[in-house]
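S.K.: pasted the sequence and its predicted model underneath.
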Amino acid sequence: MPKDFVYLADIDPTIRQDMRYAGSNNFTGKPVPGYDAAECVLVREAAEALKRVQEAVRANGYTLKVYDCYRPARAVAAFVDWAKEPDDPEAKMIYYPNLPKSALFPDYIAPRSGHSRGATVDLTLAPLGEDPNDLPATQSCTAPQGSTAPDGSLAMGTSFDCFDGKSTKFASNITAEQNANRIMLEDAMQAQGFKGYEMEWWHFTLGNEPFPDTIFDFPILPRR
């Protein structure tokens with residue numbers, strides 16, 4: 001791991017980690033190449049900025065919950081390969097119920113990802129307290145949500161990695177409560193220099209990222 005990168009758990013162990021691509025609870029249905037440990041790795045600047053976000057949201061009774069951080073380039077290539085494979089009916093029902101698989105490339109699955117620069121993170125907010133991490137997805141990502149999402153995080157209108165128009169930042173087909181939760185997350189992240197992505201409410205990149213033109217491919221290994 002390059003010296004400029006850190007494990008988020010070493011910077012702020014209170015931030016919850018539900019690293020989906022290190023296991024089978026993701027749209028590919030299996031661990032993704034390069035994810036040899038369920039750990040969030042980021043450039044130090046992004047990890048320290050997340051620590052400040054966490055301090056702010058914890059004061060209001062919430063915690064950050066990260067799903068993906070640095071993403072090795074080999075994982076991005078595996079996603080592209082997956083996008084070219086025939087449809088898996090179960091994956092379609094859960095992750096892209098309203099789109100053909102051909103429509104996922106390149107808006108949702110691209111040949112290059114900002115995650116591979118080390119300053120992009122996928123995350124949400126969850127109430128402080130019990131957390132049912134890494135529950136397997138069993139229903140459509142666009143299914144109606146109550147006050148919380150199926151994984152215990154705040155209801156945002158869709159679950160993570162929902163390839164659907166309902167996931168866009170300004171979606172109109174979500175409830176007022178879900179929209180308020182999205183705004184709360186966006187405001188907290190923007191206050192510490194992160195910028196959102198219009199297609200995915202969970203996706204944020206540090207504005208002043210240290211490696212804006214560098215793609216990394218080192219594997220994510222267990223902390224020592």
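M.R.: Nice, thanks for sending it over.
S.K.: residues in contact with the closest residue to Lys92 other than its chain neighbours?
M.R.: In space, and not counting its chain neighbours, Lys92 is closest to Lys101: 7.0 Å by Cβ to Cβ, 6 or more residues apart in numbering. (Each C-beta comes from the backbone N, C-alpha and C, glycine too.) When contacts are counted by Cβ atoms under 8 Å, 6 or more residues apart in numbering, Lys101 touches Ala83, Asp87, Lys92.
S.K.: quick check: buried residues in stretch 147-155?
M.R.: Under the neighbour-count criterion of 16 or more other Cβ atoms under 10 Å, stretch 147-155 has Ala149, Pro150, Asp151, Gly152, Ser153, Leu154, Ala155 buried.
S.K.: kindly report the same for stretch 78-95.
M.R.: Ala78, Phe79, Trp82, Ala83, Ala91, Lys92, Ile94, Tyr95.
S.K.: on that earlier part again, which one among the buried residues of stretch 147-155 gets closest to Ala137?
M.R.: Pro150 (7.4 Å; Cβ to Cβ).
S.K.: mind checking the SS state of that closest one?
M.R.: coil (DSSP: H, G, I helix; E, B strand; the rest coil).
S.K.: repeat that for Phe204.
M.R.: Applying three-state DSSP: Phe204 is strand.
S.K.: for the residue nearest to it when sequence neighbours are not counted, grab phi and psi.
M.R.: Using Cβ to Cβ, 6+ apart and skipping residues adjacent in sequence, the residue nearest Phe204 is Phe194, 4.1 Å away. With angles defined as degrees, to the nearest 10, Phe194 sits at phi -90, psi 150.
S.K.: again with the one 4 residues further on
M.R.: Taking degrees, to the nearest 10, you get phi -60, psi -30 for the backbone angles of Glu198.
S.K.: tell me who's in contact with the closest residue to it other than its chain neighbours.
M.R.: Distances taken as Cβ to Cβ, 6+ apart place Lys169 nearest to Glu198, at 5.0 Å, with adjacent residues excluded. Lys169 makes contacts with Arg182, Glu186, Gly196, Tyr197, Glu198, Met199, Glu200, Trp201, as judged by Cβ under 8 Å, 6+ apart.
S.K.: try 10 Å this time
M.R.: Listed by Cβ atoms under 10 Å, 6 or more residues apart in numbering, the contact set of Lys169 reads Asn179, Arg182, Ile183, Glu186, Gly196, Tyr197, Glu198, Met199, Glu200, Trp201, Trp202, His203.
S.K.: okay, and which of those residues map to helices?
M.R.: Mapping these onto helices (DSSP state H) picks out Asn179, Arg182, Ile183, Glu186.
S.K.: the second one and Trp201 touch, don't they?
M.R.: Spelled out, that is Arg182. Yes - between Arg182 and Trp201 there is a contact at 5.1 Å, judged by Cβ atoms under 10 Å.
S.K.: who touches both of those two?
M.R.: Thr124, Met156, Gly157, Lys169, Phe170, Ala171, Ile174.
S.K.: restricted to buried residues, select the contacts of Lys169 in ChimeraX.
M.R.: Command for ChimeraX, covering only those of the contacts of Lys169 found buried under the criterion 16+ other Cβ under 10 Å:
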select :179,182,186,196,197,200,201,202,203
